[in-house]
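[1] build me a structure from this.
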Amino acid sequence: MDKILRINMGGPGGPEIKTEPLGDYAGLGGRAMTSAIVAKEVPPTCHPLSAANKLVIAPGMLSGTTAAMSGRISVGCKSPLTGGIKESNSGGQPSQMLARLGYAAIVIEGKPEADKLYKIIINKDGVKIEPADDLKMLGNYDTVAKMSQLYGNKVGCISIGPAGEMKLGAASIAFSDMEQRPTRHAGRGGVGAVMGSKGVKVIVVDDAGCSARQPKDPDKFRDANKAFVAGLRNHAVTGQGLPAYGTNVLTNVINEAGGYPTNNFSRGQFEGAAKISGEAQAELENSRGGEGSATHGCHRGCVIRCSGTFYDKNGNYLTKQPEYETVWAHGGNCGIDDLDAIAMLDRMDDDFGLDTIEMGATIAVAMEAGLAEFGDAEAAINLVKEVGKGTALGKILGSGAAVTGKVFGVERVPVVKGQSMPAYDPRAVQGIGVTYATTTMGADHTAGYAVATNILGVGGSVDPLKPEGQVELSRNLQIATAAIDSTGMCLFIAFAILDQAETFQALLDLISAFNGQELTADDVTNLGKSVLKREREFNAAAGFTNKDDRLPDYFKQEPLAPHNVTFAVSDEDLDNVFNF
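    Next up is the predicted model:
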């Protein structure tokens with residue numbers, strides 16, 4: 001990856017294309033790349049939907065190689081949802097493809113003067129931009145199907161649905177999977193709205209004729225990759241739990257721990273959890289059959305294979321296997337215990353281009369406001385349909401939980417920096433509460449997954465119900481995560497590298513063999529710190545202070561059943577998370 005593709009959608013004669021050398025961005029990938037470009041080139045106080053904001057799409061450092069698990073991609077911008085810097089991460093095929101085409105990043109800047117829509121086609125012969133007004137307000141599924149008809153069934157697609165075109169705060173960007181379905185999403189932070197503001201409907205990526213990126217030391221790279229894969233397969237989480245039951249294996253675990261947010265974070269256990277658990281989901285999928293039903297990889301090179309494919313009662317494809325966060329958001333958080341209804345909501349979110357976490361949290365807030373009853377699956381489906389239709393109510397809901405709470409006068413809205421909390425109540429999993437409060441990204445479990453240590457005992461053990469040790473835990477995980485997000489590696493590798501020293505060393509050897517440099521654990525730590533430093537400096541310049549690194553007051557005041565605990569990490573301790 002030796003070049004940056006820069007596209008100005010606001011050129012005087014229409015969109016302008018140029019490629020340029022990496023320059024100051026040499027050696028960066030994934031989140032390190034997106035955050036570096038946004039921090040340097042985007043005015044922190046700009047409006048997120050203005051021409052001054054930039055959308056950056058970057059494969060990871062190891063994407064496009066034969067390294068296992070290296071196909072994640074980062075999307076960066078100033079977030080319309082949080083008002084701060086954003087990195088949203090996705091699987092799918094395009095990361096490997098862009099890397100093999102030689103692009104370390106795509107930077108989309110400016111915006112069209114007129115309300116026009118475009119598609120961008122990238123292949124080994126270059127880049128072209130064509131009008132795409134015929135795709136206006138199409139769902140992601142129809143958009144990708146049209147691209148497949150035009151450009152073949154081997155291309156990868158990066159697209160937005162109607163939510164992105166309407167520039168809604170919950171809008172995602174879809175990345176097509178190995179079956180050319182728009183099922184992998186950079187969901188968080190409204191990145192789809194920024195793509196919509198640039199007038200870009202879809203980016204078609206074709207890496208035909210391109211080979212895998214080659215390491216500087218092929219023998220060492222091969223051996224390290226073999227050891228890395230062995231480590232992943234030998235770990236209970238990455239080698240057994242996730243392949244068998246997908247990410248939804250967590251439902252029974254978190255529910256039993258009393259940290260499963262139910263009915264808009266009003267209690268920590270859901271009586272219908274067993275009906276929508278990973279075990280129940282796998283049993284249902286296996287009974288219905290179909291290719292890739294219970295286990296499936298989201299991109300080339302995935303060996304964990306935590307994804308799956310969900311078929312309806314008649315054996316027809318409906319959606320990807322709904323992941324834990326989605327099952328919780330549209331399930332327990334809304335009081336719904338019907339997997340078919342949850343799968344339908346997942347399908348609509350993917351098609352309309354919506355973050356499933358934000359939408360599930362929003363529907364729960366709407367239920368608390370009285371727009372529907374908790375447990376009413378049909379009502380939840382109808383509310384999401386409103387978003388797809390672009391009605392006034394739909395645009396409110398599609399703007400996220402914070403906006404919906406304000407419009408309908410709901411006090412209990414589970415957001416930080418305007419972004420909704422995922423599927424772990426911070427009162428029962430206090431380490432994740434520290435991450436929610438302090439990450440640069442708004443409430444985000446992936447920014448520092450303290451659940452691993454608080455609940456699963458991975459990387460040690462810290463009591464989830466007590467404040468002691470949580471700041472250090474979250475700090476270390478946020479640093480490590482920023483580094484992993486820069487490599488293009490799936491975050492799930494963290495389970496194995498936290499528990500197995502030899503697997504962590506294999507990862508270091510993989511990167512070292514590829515770059516021809518000896519990487520140490522300190523180098524990884526320093527990379528993570530540098531990413532977080534840039535992001536925090538951007539947010540500070542955008543107007544954020546330590547007062548924004550807080551949970552809503554009710555998490556400190558309302559005890560959560562069944563443990564009857566409140567969030568007890570002090571504000572003073574939260575202010576010390578980034579004292580490195």
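[2] hmm, what's the outermost residue in this structure?
    For the chain, the largest distance from the centre (C-alpha atoms, centre = their mean) belongs to G13, which lies 35.0 Å off.
[3] how about I497, nearest residue that isn't a chain neighbour?
    F504 (4.1 Å; C-beta to C-beta, 6 or more residues apart in numbering). No exception for glycine: its C-beta is placed from N, CA and C like everyone else's.
[4] that neighbour sits in which helix or strand?
    Taking DSSP states H and E as the criterion, the element that holds F504 is helix 501-515.
[5] centre of the chain to that helix, how far?
    A distance of 25 Å separates the centroid of the chain from that of helix 501-515, by C-alpha atoms, centre = their mean, to the nearest Å.
[6] so which elements touch it?
    Other helices and strands packing on helix 501-515, by 3 or more C-beta pairs under 8 Å, 6 or more residues apart in numbering; DSSP states H and E, are helix 218-234, helix 493-499, helix 521-541.
[7] out of those helices, nearest to T438?
    T438 lies closest to helix 521-541 among those, at 9.5 Å (C-beta to C-beta).
[8] how about the helix or strand following the closest one: buried residues?
    Where DSSP H and E defines the elements, the next helix or strand beyond helix 521-541 is helix 554-557. Using 16 or more other C-beta atoms under 10 Å as the burial criterion, the residues of helix 554-557 that qualify are 555-556.
[9] give me the contact list for helix 554-557.
    411-412, 426-427, 433, 566-568 (C-beta atoms under 8 Å, 6 or more residues apart in numbering).
[10] give me the below-cutoff pLDDT ranges for the stretch 451-580 of the chain.
    Confidence mapping of the stretch 451-580 of the chain against pLDDT under 70 gives zero matching residues.
[11] same thing with the stretch 1-150 of the chain?
    Residue ranges of the stretch 1-150 of the chain with pLDDT under 70: none are present.
[12] so the helix holding F504 versus helix 218-234, what angle?
    150 degrees (axes from the mean of the first three to the mean of the last three C-alpha atoms, to 10 degrees).
[13] need the pLDDT of the residue lying closest to G308 once chain neighbours are set aside.
    Nearest in space to G308, with sequence neighbours left out and distances taken as C-beta to C-beta, 6+ apart, is Q321 at 3.0 Å. Turning to Q321, the model gives it a pLDDT of 90.
[14] show me the contacts for Q321.
    246, 248, 281, 285, 294, 296, 307-310.
[15] same thing but 7 Å
    Contacts for Q321 were tallied using C-beta atoms under 7 Å, 6 or more residues apart in numbering; they are 246, 281, 285, 307-310.
[16] same thing with G164?
    Listed by C-beta under 7 Å, 6+ apart, the contact set of G164 reads 171, 192-193, 195-196, 353.
[17] mind doing that once more with 8 Å?
    With contact taken as C-beta under 8 Å, 6+ apart, G164 is in contact with 171-173, 192-193, 195-196, 353.
[18] mind checking the SS state of it?
    Local secondary structure at G164 is given as helix here, using DSSP: H, G, I helix; E, B strand; the rest coil.
[19] look at F374 and give its secondary structure.
    What three-state DSSP gives for F374 is coil.
[20] if you could redo that for I4, that was the one I meant.
    Per three-state DSSP, I4 ends up strand.
[21] just checking, it touches V107?
    Yes - with contacts defined as C-beta atoms under 8 Å, I4 counts as touching V107 at a distance of 6.2 Å.
[22] ends of stretch 408-424, how far apart?
    24 Å (C-alpha to C-alpha, to the nearest Å).
[23] what does stretch 244-253 give?
    Using C-alpha to C-alpha, the gap from the first to the last residue of stretch 244-253 comes to 15 Å.
[24] one more: stretch 42-53?
    Here the two ends of stretch 42-53 are set 6 Å apart, with distance taken as C-alpha to C-alpha.
[25] ok, residues contacting it?
    Outside of stretch 42-53, the residues within contact range by C-beta under 8 Å, 6+ apart are 10, 54, 77-80, 83, 109-111, 167, 190, 193-194, 197, 538-539, 541-543.
[26] next up, phi/psi of the spatially most central residue of the chain, please.
    In the chain, the C-alpha nearest the mean C-alpha coordinate belongs to N89, at 4.1 Å (C-alpha atoms, centre = their mean). Backbone torsions of N89, given as degrees, to the nearest 10, read phi -110, psi 140.
[27] that one and R72 touch, don't they?
    Yes - between N89 and R72 there is a contact at 5.8 Å, judged by C-beta under 8 Å.
[28] so for these two, which residues contact both of them?
    Counting by C-beta under 8 Å, 6+ apart, the common neighbours of N89 and R72 are 30, 485, 491.
[29] wait, a helix at the second one?
    Same thing as D485. Yes - under three-state DSSP, D485 sits within a helix.
[30] that one reaches L28, doesn't it?
    No - at 11.6 Å, D485 and L28 do not qualify as touching, with contact defined as C-beta under 8 Å.
[31] shouldn't A423 be in contact with F265?
    No - A423 lies out of contact with F265 (C-beta under 8 Å); the separation is 10.3 Å.
[32] I'd like to know how many residues surround the closest residue to Y245 other than its chain neighbours.
    The shortest distance from Y245 to any residue other than its chain neighbours is 3.4 Å, reached at G278 (C-beta to C-beta, 6+ apart). Neighbour count for G278, taken as other C-beta atoms under 10 Å: 26.
[33] relative to G76, how far out is G278?
    Counting by C-beta to C-beta, to the nearest Å, the gap between G278 and G76 amounts to 31 Å.
[34] repeat that for K86.
    6 Å.
[35] anything in contact with each of those two?
    Jointly contacting K86 and G76 under the rule C-beta under 8 Å, 6+ apart are V38.
[36] can you pull the contacts of V144?
    157, 159, 174, 176, 180-182, 202.
[37] go through those and flag which are in strands.
    157, 159, 174, 202 (DSSP state E).
[38] quick check: the two most widely separated of those?
    Across those, the longest distance by C-beta to C-beta is 9.0 Å; it joins A174 and V202.
[39] between those two, point out the one with more neighbours.
    Neighbours were counted for A174 and for V202 using other C-beta under 10 Å; A174 has more, 30 against 25.
[40] what sits closest to the more buried one if chain neighbours are left out?
    A174 sits nearest to P182 (C-beta to C-beta, 6+ apart), 3.7 Å away.
[41] the one you found contacts C157, doesn't it?
    Yes - counting by C-beta under 8 Å, P182 does reach C157; the two are 6.7 Å apart.
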